[in-house]
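>>> here is a sequence together with a model predicted from it:
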Amino acid sequence: MKRSFFRSVLLAAILCQTGALNIANAQDTLSESSWNDLSDDVSRSTLFADEIIPARLLDDEKNPNAPASFNLPKEFFFPDDAKTDKALGKPRKDAIFGIDVSHWTGNIKFKNLALQRVLFVYAKATQGVGFKDAMFTKYWDDLALLKGEAKVYRGAYHFLTANEDAQAQAKSFVDYLALHGGIKPDDMPPCLDLEWDRTSTNPDRWTGQAPDKIIEKARKWLEMVEQKTGRTPVLYTAKSWWKARGIDEGKLAALSRYHVWIADYSVSHKAAEKPSIINGKTQKLWQFADDAFLSTGYTKGLDANIYYGTPQAFEQDFGISK
């Protein structure tokens, strides 16, 4: 009986080891070619022109006495506008600026960002299941090379698509990051982009899906990525998208443990530096413009973002350690 028992234990150990080996081998087979380059996604500038501005116009029609806020925001220049609070006419304090990039951005030089008061960069990594951003590898590697005073925080985000399983999308994102060394303790937390899922032939593939189903998909992605990375993700979204989908803002409570990165380009909100919020939840990051300009390293407009707080609070809020 003892011999039979030990034989069973030995067999189980062999099977377990073999299974682990198979899993490892399966992981080893993943490469850049395991993901396809995005080809049918839409640039943020297109979403800005086609979705966010019309949504703001509609609000103004409903509130004719409200301040006009549908024009393009004034151009924002780094580092000057990051140094000075023009509304108050004095140097800025407790404000940390960043940008976000994707293959639509193209080539950009990161080495002088810190000198221009740009201290964090979010790069698009994946979309849906099995789709990658063709520029992510370069962005991620280039940002990793920045050291000392030139260093900026880097982060990766995933664009959630409406027609694919949320957990499969989470796995695709985590696997792709693992292929590039994963998320380091001094990186920004992972981010989920929840907004218009637009293609060249469909204005928003979320249309027709029940709000509860949309929220559940986002929750599943956030929870799985948090479990697999050990970092609490950030949720990027826009109030105008929630309104367009008819989603009750109160449903954000289901995602309340996650920091919100809000997109709001309103001129009046930008002037007052008070972005629109969802369900009373104050944002941690605010994407306030898509036409910010660097003094060197890139000649076209970029998405600009701000965090209000000290560097110490920034690291604490986003779980960053050095």
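Looks like it came in fine.
>>> show me where the chain has its helices.
Ranges of helices within the chain are 2-28, 44-47, 53-62, 80-83, 136-144, 166-179, 211-229, 239-245, 267-272, 311-317, based on DSSP state H.
>>> can you flag the weakest of those by average pLDDT?
Among these, helix 2-28 has the lowest mean pLDDT, at a mean of 40.
>>> wait, doesn't residue 157 sit right on residue 192?
Yes. With contacts counted by CB atoms under 8 Å, residue 157 reaches residue 192, the gap being 7.0 Å. Quick note: C-beta positions are derived from backbone N, CA and C, even for glycine.
>>> shared neighbours, those two?
Listed as contacting both residue 157 and residue 192 by CB atoms under 8 Å, 6 or more residues apart in numbering are residue 236.
>>> run a quick neighbour tally on the closest residue to residue 311 other than its chain neighbours.
The shortest distance from residue 311 to any non-neighbouring residue, by CB to CB, 6 or more residues apart in numbering, is to residue 96 (6.8 Å). As a burial measure, residue 96 scores 21 neighbours (other CB atoms under 10 Å).
>>> now do the same contact list for residue 96.
Residue 96 sits next to 119-120, 306-307, 309, 311, 314 when contact means CB under 8 Å, 6+ apart.
>>> which one among these gets closest to residue 32?
Relative to residue 32, the closest of the contacts of residue 96 is residue 120; by CB to CB it sits at 25.2 Å.
>>> can you report how many residues neighbour residue 213?
12.
>>> I should have written residue 308 there, sorry.
Residues near residue 308, counting by other CB under 10 Å, number 17.
>>> repeat for residue 154
23.
>>> tell me, how many residues neighbour the residue nearest to it when sequence neighbours are not counted?
Once flanking residues are discounted, residue 154 sits nearest to residue 143: 4.0 Å by CB to CB, 6+ apart. Residue 143 sits with 21 neighbouring residues when counted by other CB under 10 Å.
>>> for residue 149, same thing?
Neighbours of residue 149 under the rule other CB under 10 Å: 7.
>>> would you confirm that residue 281 contacts residue 260?
Yes. Judged on CB under 8 Å, residue 281 makes contact with residue 260 at a distance of 5.7 Å.
>>> comparing these two, which shows the higher neighbour count?
Legend: neighbour count by other CB under 10 Å for residue 281 and residue 260, higher for residue 260 (21 against 17).
>>> count of residues packed around the residue lying closest to the more buried one once chain neighbours are set aside?
Of all residues not flanking residue 260 in the chain, residue 283 sits nearest, at 4.9 Å (CB to CB, 6+ apart). The local packing of residue 283 (other CB under 10 Å) involves 24 other residues.
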